[in-house]
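# only geometry, no sequence info:
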């Protein structure tokens, strides 16, 4: 489930349609008050970054607080000066742009009781 109107939304929608993926769902941008109810339905949350020189100073994503408050494990694809997910012990971190590492992290979390 991808929620929001991010810059890659339409490209991702086309890619999912071309691949015939019927298990990928796109939701519009939601008001913040609806996020707890949405996140409560998920088994995990994903937060991914691209490699950017700016991140050498660190990151502070707004949605991370929502993910943590939902008490869902987080898969965090990051290469930055800080890693709040690893620091808080609330999920697994992987390198960005590494689908094999991402799949391994998801499989590891899925194997947990």
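Cool, got the structure. As the structure is a prediction and not an experimental result, all values here were calculated from the model.
# stretch 33-51: which residues count as buried?
The neighbour-count check on stretch 33-51 (16 or more other Cβ atoms under 10 Å) flags 35, 39, 44-47 as buried. Quick note: C-beta positions are derived from backbone N, CA and C, even for glycine.
# now, those that are in strands?
If you go by DSSP state E, these have 45-47 in strands.
# show me the contacts for residue 12.
2, 26 (Cβ atoms under 8 Å, 6 or more residues apart in numbering).
# just the element for it, please.
Using DSSP states H and E, residue 12 sits in helix 9-18.
# the helix or strand following that helix pairs with which strands, parallel or anti?
Next along the chain after helix 9-18, taking DSSP H and E as the criterion, comes strand 26-27. Using DSSP bridges, strand 26-27 pairs in its sheet with strand 2-3 (parallel).
# ok, residues contacting the partner strand?
Taking Cβ under 8 Å, 6+ apart as the rule, strand 2-3 contacts 9, 12, 24-30, 38.
# quick one: average confidence on that strand?
Taken as a whole, strand 2-3 carries a mean pLDDT of 92.
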